[in-house]
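Visitor: Structure of the sequence below:
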Amino acid sequence: MDPVTHGLVGLAVASVSEEPILGAVSIGTTLAAMLPDLDIVMQCKGHLSYLKNHRGISHSILFLIGISLLIAGILTFIFPNTPFLKVLVWTIAGGLSHSLLDVLNSYGAKLLWPMRQKRYSGELLLSFDPVIIGLSLYMVFLNPSNSRIVTLKAGLIFLGYLLLRWMLKMNIYKEIFYQFGQKITIKNIKLLPAMTSIHKLHFILETKEKFIVGQVNILNKKFRIQRELEKTQIPIYEQVLHSIVGEFFHKFTPIYHLDIQDKGDYYYVIFTDLRFFIKNEFMYHATAILSKDLKTIEGIFHPYSFHQRVSII
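Guide: The predicted model follows:
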C-alpha cells in the first residue's frame, strides 16, 4: 500500500478510540501506520539494498511493538492527560494495520521476523486499493461522534470486500481449469491482483514445458494471454538455480522464469520475476554470465525495468 493509504487507515483506526481526532491517539496511530515504510531510506544504498530490506524488519510485529513504545512515550510526554497505556494500545493497532494491509497484497511482508524470514502474502488487495481508501475516508469524516454503528458498518464492509475478492479468485481458479485444463496439463496456478485494475487478476499458469502469463477480468471471465515463456530443459538447470544470482533471485520471488542461452564460451542467463507485469513488461529481472564450469562471472539485478542495472556480485 502507498503511504497516503496507510496514513488514512491509521486515522480510521483512531476514529474508533473515542479520543479527539487531533490528539495523542490519532497522532500515534497515524505515525505507526506510516513509519514502517521508512525502510525507503535503504534506497540511499541503491535499488538492490532497498528491495532486499523492503517490507522486512520494519514490518515485523516485533518492530511495530518497539516503535509503538517509543511513539507512545513521546506522545504521553507531550499530551500528559492521555494515559500511556491507551496511547500504546492504539498506536500498536495503527502499526499492525500497516503490516496487515501489506500482507494482504502481492508483495507481502516479513511479519514474524526474526523467528521466520518468510514474506507472508495473502494476494487479495491492490497496492493502491480504492475500496480501502473509501472506507478510511468514511470512518475519518463520517464518524465524528465515534459511532459504533459506523465502525461496525466499516468493519463488515471491509471483511465482506475481502471475502468477495477471495470468492471471485476461487471462481477464476475453476474457470482456468475449465478453459485451459483440457488443452494443457497445469502444474501450478498463481492468481494475483492486477497492478492497476481492481476488476482484474494477474494469472501465471505453469506447465511442464512453459509458463503462461496474462490477465483475467473477474467479472466477465475474459482471459488475455500476455506472455508464453518456454522452460529451458538442459542438464545444467539445477546448477544455475544454485548460482549466486539464482539463490538471490529465489529469495526475492517465489515464482520466476529462467532463460539459459549457451553463447559458446559462457552461459547467459535471464531470470524474470513473473508476479508483476505493467506497460507490457515484467518489472524485475536479473542476468548472469556463467563460465562453462558454472562459476559466476557477472551478476546484474534489473529493478523496475530491464534498463536498470545493479551489480549483485
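Visitor: Tell me which stretches of this structure form strands.
Guide: Applying DSSP state E to the chain gives strands spanning 188-193, 200-206, 210-217, 223-230, 256-262, 266-273, 277-278, 281-282, 285-291, 296-302, 310-311.
Visitor: want to throw those strands into a markdown table with mean neighbour count and mean pLDDT?
Guide: Quick note: C-beta positions are derived from backbone N, CA and C, even for glycine. As requested, these are exported to a markdown table (neighbours: other CB atoms under 10 Å; pLDDT from 0 to 100):
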| stretch | mean neighbour count | mean pLDDT |
| --- | --- | --- |
| strand 188-193 | 18 | 96 |
| strand 200-206 | 21 | 97 |
| strand 210-217 | 19 | 97 |
| strand 223-230 | 14 | 96 |
| strand 256-262 | 16 | 95 |
| strand 266-273 | 20 | 96 |
| strand 277-278 | 16 | 92 |
| strand 281-282 | 18 | 94 |
| strand 285-291 | 20 | 96 |
| strand 296-302 | 18 | 95 |
| strand 310-311 | 13 | 88 |
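Visitor: any chance of those strands in JSON lines, with distance to Leu159 too?
Guide: Converted to JSON lines, these look like this (distance: least, CB to CB, whole Å):
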{"stretch": "strand 188-193", "distance to Leu159": "18"}
{"stretch": "strand 200-206", "distance to Leu159": "20"}
{"stretch": "strand 210-217", "distance to Leu159": "24"}
{"stretch": "strand 223-230", "distance to Leu159": "29"}
{"stretch": "strand 256-262", "distance to Leu159": "33"}
{"stretch": "strand 266-273", "distance to Leu159": "31"}
{"stretch": "strand 277-278", "distance to Leu159": "29"}
{"stretch": "strand 281-282", "distance to Leu159": "33"}
{"stretch": "strand 285-291", "distance to Leu159": "37"}
{"stretch": "strand 296-302", "distance to Leu159": "38"}
{"stretch": "strand 310-311", "distance to Leu159": "40"}
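Visitor: so which of the ones you listed comes closest to Tyr178?
Guide: The closest of the strands of the chain to Tyr178 is strand 223-230. By CB to CB, the value is 10.8 Å.
Visitor: Distance from the closest one to the middle of the chain?
Guide: Here the centre of strand 223-230 is set off from its chain's centre by 22 Å, with CA atoms, centre = their mean, to the nearest Å.
Visitor: contact partners of it?
Guide: Here strand 223-230 makes contact (CB atoms under 8 Å, 6 or more residues apart in numbering) with 179, 203, 209-216, 257, 259, 272, 274, 277, 280, 282.
Visitor: again with stretch 168-181
Guide: With contact meaning CB under 8 Å, 6+ apart, stretch 168-181 is reached by Leu124, Ile186, Ile189, Leu191, Leu201, Phe203, Leu205, Ile212, Val216, Ile218, Lys221, Phe223.
Visitor: give me that answer again for 7 Å
Guide: With CB atoms under 7 Å, 6 or more residues apart in numbering as the contact definition, stretch 168-181 has outside contacts at Ile186, Ile189, Leu191, Leu201, Phe203, Leu205, Val216, Ile218, Lys221, Phe223.
Visitor: do stretch 134-142 as well
Guide: For stretch 134-142, the external contacting residues (CB under 7 Å, 6+ apart) are Leu8, Val9, Leu11, Ala12, Ser15, Val150, Thr151, Ala154, Ile157, Phe158.
Visitor: And for stretch 235-255?
Guide: 190, 204, 256, 258, 260, 269, 271, 273-275, 284, 286, 288, 290, 294, 296, 299, 312-313.
Visitor: buried residues in it?
Guide: For stretch 235-255, a neighbour-count test (16 or more other CB atoms under 10 Å) marks Ile236, Val240, Leu241, Ser243, Val245, Gly246, Phe248, Phe249, Phe252, Thr253 as buried.
Visitor: with these in mind, which one is nearest to Val131?
Guide: Thr253 (26.5 Å).
Visitor: Let me see the confidence value for the closest one.
Guide: If you check Thr253, the pLDDT there is 90.
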